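> Just a sequence and a predicted model for now, questions to come.
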Amino acid sequence: MDYKQLLDSITPEVYGNLKRVIELGKFPDGRKLTAEQRESCMQGVIAYEHKYLSATERTGYVPPKGDSCDTTEMQDAPEAEKPLNWV
């Protein structure tokens, strides 16, 4: 079975099971995941999400907060009131 066939065989149910296995670190029968198995499951989840989900629905999506270099809104604030921006 090649990569495309494998990806096509992942159903939404299998995708959900893979995510749960990764989260718990073990299979439903209690066997612990090896590092290699965890990596394979993660690759399957990432590939499924890339093919079937929009970027905002994918695991780990962080919405943009805007341009961190944009200082136009802070130009009118006094120096003491400007918040510290951690980069």
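On my side now, so go ahead.

> Now do residue 6, the pLDDT please.
Note on residue 6: pLDDT of 85.

> try residue 40
93.

> before we move on, what about the one 3 residues further on?
Confidence per residue is given as pLDDT, and for residue 43 that number is 93.

> Output the longest helix belonging to the chain.
Criterion DSSP state H: the longest helix present in the chain is helix 35-52.

> and the host helix or strand of residue 23, how far from the chain's centre?
Following DSSP states H and E, one finds residue 23 within helix 12-24. Centroid separation for helix 12-24 versus its chain: 13 Å, with Cα atoms, centre = their mean, to the nearest Å.

> same question, stretch 18-27
Per Cα atoms, centre = their mean, the centroid offset for stretch 18-27 relative to its chain is 15 Å.

> Show me the shaky parts of the protein.
67-81 (pLDDT under 70).

> again, only using 80
Under the criterion pLDDT under 80, the flagged ranges of the chain are 1, 66-85, 87.

> quick one on the thing from earlier: and the longest helix of the chain, what does it pack against?
Helix 35-52 sits against helix 3-8, helix 12-24, with contacts defined as 3 or more Cβ pairs under 8 Å, 6 or more residues apart in numbering; DSSP states H and E. For every residue, glycine as well, the C-beta is placed using N, CA and C.

> and among these, the most buried is which?
Mean neighbour count (mean count of other Cβ atoms under 10 Å) peaks for helix 12-24 among the helices and strands packed on helix 35-52, with a mean of 14.
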